[in-house]
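*Asks:* structure for the following, please:
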Amino acid sequence: MIRIAKTENGLVKGIEGADPRITAFKGIPFAAPPVGKNRWRAPQPAENWEGIREAYRFAPISMQSTPGLGTDVYCREWHVDPEIPMDEDCLYLNVWTSAKDTEEGQPVLVWFFGGGLQWGYPSEMEFDGERIARRGVVVVTVNYRLNAFGFLSHPEITAEAPEAPTNFGNLDQQAGLRWVSRNIAAFGGDSDNITIAGQSAGAGSVLTQMTCPDNFGLFHKAVVMSGMIRSPYGEDCVGIPKPLSEAEKVGERFFEYLGVQSLEEARQLDAKFIRDRYDEFMWKDEMLVTVKDDNICVGDPIHLFAEGKYGDVPVMAGNTSDEFPNLIRVKDKKELEERAKELFGERAGEFLQFPQSQEKMDEGFAPVSGIECTVKSSFLLNQESEHPNNCYYYRFAPDIPGEDNPGTFHSVDLWFFFETLAKCWRPFVGRHYDLSRQMCNYWANFIKTGNPNGMDTDGTPMPQWDSYEKTKRAEMVFSPEGAYAQTGCESDFVQFLIEEIRGQIEKSLMEADDEGN
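*Replies:* Numbers count the residues shown, from 1 in each chain. Coordinates of the predicted model:
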């Protein structure tokens, strides 16, 4: 087993996992502390150290609201520890490896956590990389700056560093990916076989990274879990980057809220003070997220992917069945008809003929998974682009036990993909563990080869998972009975809305082309 690894900055010593055939290296610095003059600055090189650095524990999490104080599902699920160490000095990553020597050249997973770019951390218990590492994959989880520390824009910052004016959290991710490319061989990994993956805002980050030309060639596959978030009903959608000039105005308002007159003053403030003020500001004004800076974010990532302007790699993407349903938010069927005419024009009558359009849920009608429709429409457009690739769609739809009857809520699939169900409080039983094993197998196969298919651990073939294409709309469903494949099972209603989102994307692309000419 590799217990000591030589990185570019010095030697690190890992610790055996629960399975002693796995070594975990925790808290390895991949950049200098982003404090003082490095606050709101692109990540700088890490300093070298002498001797052997013990990498036994996770480093502090990024500055954010204190975890574990709320009553929401995530505070019950994994944000359970209000005492978890937190610090502005947070640019560290973690590695799990089963390699016995540096020549093994195992495939590599680089994971970006989610949390709306406001919260989250690699040490969340569902992100334990040991089970994936047992399948012959080197697992790397990367920390990055969040919220006001990671995504502030301001004219003074732009003037100081126009080449990297914002999106510091995304730049941290990129720095982590580059560190992996340079150093992962020391842990038995193959720098020519790297998969970037993430969920929710982590998936949005994957889209940002995979459509940044500076990253092309650094990764070879991509997994986008619950991250292609668009609505067929014209609702506000996350993930559409605003221009830097608009984001700078938000930054100016935030400086006013902090009570400072300059970037120099803001860099002298205590990190906890900035955090606490931002916790108020983001609800009164708006959250700070990725913006179009023409550096690491060069446009709407979903549009760029649909056009084929991305790293030219196979993609796996999907959603949970219950997360973020989109609705036409009207009070009655008369308003529904009026809104349908606004949305669909001449096709409104066709839309209203679908029985699903008349279904009522919460505060609206016609519930549908906009994520599913967006993934599929993007896959179809990608197939027609200059750089089509195999794209694999999944739907996560098993039963989730617990007295809260949560359904397949956003993020619950993480327990399954990482095969970490035993860390969860929920009363999972054997069939859940069987499904998790299958899901982790599919994931590991994709990470290794770009194709999720292969044998189950018991030596039997798993259900065939084909790529999603116009002529074969294949998908993998993770159900209470296990994984099963299906083709051509979309309702006419869902197909209608897939085409609607496709039309929205095509219209935006045409408008962008017109502006560029």
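
*Asks:* give the contact list for residue 87.
*Replies:* Going by CB atoms under 8 Å, 6 or more residues apart in numbering, residue 87 touches 59-61, 63, 271. Every residue, glycine included, has its C-beta placed from N, CA and C.

*Asks:* ok, now with 7 Å
*Replies:* Counting by CB atoms under 7 Å, 6 or more residues apart in numbering, residue 87 touches residue 60.

*Asks:* for residue 177, same thing?
*Replies:* Neighbour list for residue 177: 110, 196, 209, 215, 218-219 [criterion: CB under 7 Å, 6+ apart].

*Asks:* dump those into TSV; add secondary structure as well.
*Replies:* Formatted as TSV, the contacts of residue 177 follow (DSSP: H, G, I helix; E, B strand; the rest coil):
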residue	secondary structure
110	strand
196	strand
209	helix
215	helix
218	coil
219	coil
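
*Asks:* determine which two of those residues are furthest apart.
*Replies:* Farthest pair in the contacts of residue 177 (CB to CB) is 110 and 215. Separation: 11.1 Å.

*Asks:* between these two, which one's more packed in?
*Replies:* Set residue 110 next to residue 215 and count neighbours by other CB atoms under 10 Å: residue 110 wins out with 28 against 20.

*Asks:* distance check, residue 315 against residue 406.
*Replies:* 28 Å (CB to CB, to the nearest Å).

*Asks:* neighbour-wise, which of these two wins?
*Replies:* Comparing residue 315 with residue 406 by neighbour count (other CB under 10 Å), the higher total belongs to residue 315, at 27 against 16.

*Asks:* gap between that one and residue 382?
*Replies:* According to CB to CB, residue 315 and residue 382 sit 8 Å apart.

*Asks:* now the common contact residues for the two.
*Replies:* By CB under 7 Å, 6+ apart, the residues touching both residue 315 and residue 382 are 389, 391.

*Asks:* mind putting the contacts of residue 177 in JSON lines, distance to residue 233 and pLDDT included?
*Replies:* Below are these laid out as JSON lines (distance: CB to CB, whole Å; pLDDT from 0 to 100):
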{"residue": "110", "distance to residue 233": "34", "pLDDT": "98"}
{"residue": "196", "distance to residue 233": "30", "pLDDT": "98"}
{"residue": "209", "distance to residue 233": "29", "pLDDT": "98"}
{"residue": "215", "distance to residue 233": "33", "pLDDT": "98"}
{"residue": "218", "distance to residue 233": "37", "pLDDT": "98"}
{"residue": "219", "distance to residue 233": "33", "pLDDT": "98"}
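
*Asks:* against residue 178, how distant is the residue lying closest to residue 32 once chain neighbours are set aside?
*Replies:* Nearest non-adjacent residue to residue 32, counting by CB to CB, 6 or more residues apart in numbering: residue 44, 4.2 Å away. Residue 44 sits 13 Å away from residue 178, going by CB to CB.

*Asks:* where is the longest helix in the chain?
*Replies:* As assigned by DSSP state H, the longest helix anywhere in the chain is helix 492-516.

*Asks:* now stretch 289-304: buried residues?
*Replies:* 289-293, 295-304 (16 or more other CB atoms under 10 Å).

*Asks:* oh, that last question was meant for stretch 450-461, not what I typed.
*Replies:* 450-453.

*Asks:* now do it: distance from first to last residue.
*Replies:* Distance between the two ends of stretch 450-461: 17 Å, counting by CA to CA, to the nearest Å.

*Asks:* mind checking how far the residue lying closest to residue 509 once chain neighbours are set aside is from residue 240?
*Replies:* Excluding the flanking residues, the one nearest residue 509 by CB to CB, 6+ apart is residue 303, at 5.9 Å. Taken as CB to CB, the spacing of residue 303 relative to residue 240 amounts to 9 Å.

*Asks:* what's residue 398 in contact with, if anything?
*Replies:* 408, 432, 435, 478-480.

*Asks:* which single one of these is nearest to residue 389?
*Replies:* Within those, distances to residue 389 taken as CB to CB reach their minimum at residue 478, with 22.5 Å.

*Asks:* for that closest one, grab phi and psi.
*Replies:* Backbone torsions of residue 478, given as degrees, to the nearest 10, read phi -100, psi 100.

*Asks:* was I right to think it contacts residue 396?
*Replies:* Yes - contact criterion CB atoms under 7 Å: residue 478 and residue 396 qualify, at 4.9 Å.

*Asks:* most distant residue from the middle of this structure?
*Replies:* Centroid-distance maximum for the chain: residue 334 at 38.7 Å, with CA atoms, centre = their mean.

*Asks:* export the contacts of residue 177 to a markdown table and tack on distance to residue 344?
*Replies:* Below are the contacts of residue 177 laid out as a markdown table (distance: CB to CB, whole Å):
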| residue | distance to residue 344 |
| --- | --- |
| 110 | 41 |
| 196 | 36 |
| 209 | 34 |
| 215 | 38 |
| 218 | 41 |
| 219 | 38 |
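
*Asks:* now, among those residues, which is nearest to residue 488?
*Replies:* residue 196 (30.6 Å).

*Asks:* what sits against the closest one?
*Replies:* 110, 177, 206, 209-210, 219, 222.

*Asks:* setting aside sequence neighbours, what's the nearest residue to it?
*Replies:* Per CB to CB, 6+ apart, closest to residue 196 is residue 219, 4.6 Å.

*Asks:* what is the burial count for the one you found?
*Replies:* Residue 219, neighbours per other CB under 10 Å, totals 22.

*Asks:* return the subset of the contacts of residue 398 lying in helices.
*Replies:* Short answer: the contacts of residue 398 in helices (DSSP H) are 432, 435.

*Asks:* may I see the ChimeraX selection of the buried members of the contacts of residue 398?
*Replies:* To isolate the buried ones among those in ChimeraX, judged by 16+ other CB under 10 Å, type:
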select :408,432,435,478,479
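
*Asks:* show me where the stretch 51-200 of the chain has helices.
*Replies:* Along the stretch 51-200 of the chain, counting by DSSP state H, counting those that start in this stretch, helices occupy 73-77, 130-133, 147-151, 155-160, 168-183.

*Asks:* of those helices, give the one that comes closest to residue 502.
*Replies:* Among these, helix 168-183 sits nearest to residue 502 (CB to CB), with 26.9 Å.

*Asks:* for the closest one, which positions count as buried?
*Replies:* Neighbour count says helix 168-183 has 168-181, 183 buried, by 16+ other CB under 10 Å.

*Asks:* so residue 328 sits right up against residue 364, yeah?
*Replies:* Yes - contact status for residue 328 versus residue 364: in contact at 5.2 Å, counting by CB under 7 Å.

*Asks:* more neighbours: these two, which one.
*Replies:* residue 328 (23 against 20).

*Asks:* that one and residue 110, how far apart?
*Replies:* Distance, residue 328 to residue 110, by CB to CB: 39 Å.
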